[in-house]
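Visitor: I would like the atomic coordinates for the input below:
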Amino acid sequence: MELHYVLKNGLPSQPELASLLNLLATVFTNQSQADLLTELNYQQARTGIQILLALENEQIVGCKLGYERKPGHYYSWLGCVDPSYRGRGIAKELMNRQHDWCREQNYSTVRTQTYNQWREMLILNLRCGFDIIGTVQGRHGLTIVLEKII
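Guide: Below is the predicted model of the structure:
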């Protein structure tokens, strides 16, 4: 099957929202779907969010969520790929599409954070031009802060 990618401004409606929450909860096992929905709703109300989805037969197999940190600066917030779809370049394609969109919107910097436990994401960020600019204490341990000039 062929993947296709779509950009959403704001949270999708049902049943897509349920599918997104299911994917996020599958990957981020330390959070329930209810907790994830609370975070998504909070961030949507606070700044608005953009969501890039990777779909196969209308099933969400990957996502990349972000929002404006401040004028000119974008925060790449959440991203993941269904474990059974990993190794196909989906995460990199989502990142490339997010950064292309950021350039079109005149953002100059993209920032993201990750934990050491998500080594594949850390390595992908480094390979795609992010620099480690520091660490902060996060809710789930030490958080690695990365930034990229686009």
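Visitor: Which positions in the lengthiest strand in the chain come out as buried?
Guide: Secondary structure assigned by DSSP state E gives strand 59-70 as the longest strand of the chain. Going by neighbour count (16 or more other Cβ atoms under 10 Å), the buried part of strand 59-70 is Ile60, Val61, Gly62, Cys63, Lys64, Leu65, Gly66, Tyr67, Glu68, Arg69. Bear in mind the C-beta positions are built from the backbone N, C-alpha and C, glycine included.
Visitor: What are the contacting residues of that strand?
Guide: 3, 16, 19-20, 23-24, 40, 43, 46-55, 74-82, 85, 90-91, 94-95, 97-98, 107, 110-111 (Cβ atoms under 8 Å, 6 or more residues apart in numbering).
Visitor: for the record, mean pLDDT for stretch 50-70?
Guide: Per-residue pLDDT over stretch 50-70 has a mean of 96.
Visitor: Stretch 73-93 too?
Guide: 96.
Visitor: mind exporting that stretch as PDB, just the C-alpha atoms?
Guide: Only the C-alpha atoms of stretch 73-93 are listed here, as PDB (Å, rounded to 0.1, in the frame of the first residue of the first chain):
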ATOM      1  CA  HIS A  73      10.200  29.900  16.300                       C
ATOM      2  CA  TYR A  74       8.300  26.700  15.900                       C
ATOM      3  CA  TYR A  75       8.100  23.800  18.500                       C
ATOM      4  CA  SER A  76       8.000  20.300  17.100                       C
ATOM      5  CA  TRP A  77       6.100  18.800  20.000                       C
ATOM      6  CA  LEU A  78       5.000  15.200  19.500                       C
ATOM      7  CA  GLY A  79       5.800  12.700  16.800                       C
ATOM      8  CA  CYS A  80       5.700   8.900  16.400                       C
ATOM      9  CA  VAL A  81       5.400   6.100  14.000                       C
ATOM     10  CA  ASP A  82       3.400   2.900  14.600                       C
ATOM     11  CA  PRO A  83       6.000   0.200  15.600                       C
ATOM     12  CA  SER A  84       5.000  -2.100  12.800                       C
ATOM     13  CA  TYR A  85       5.700   0.700  10.200                       C
ATOM     14  CA  ARG A  86       9.100   1.700  11.500                       C
ATOM     15  CA  GLY A  87      12.200   1.500   9.300                       C
ATOM     16  CA  ARG A  88      10.300   2.900   6.200                       C
ATOM     17  CA  GLY A  89      11.400   6.500   6.400                       C
ATOM     18  CA  ILE A  90       8.100   7.800   7.700                       C
ATOM     19  CA  ALA A  91       9.500   9.800  10.600                       C
ATOM     20  CA  LYS A  92      12.000  11.500   8.400                       C
ATOM     21  CA  GLU A  93       9.300  12.300   5.800                       C
END
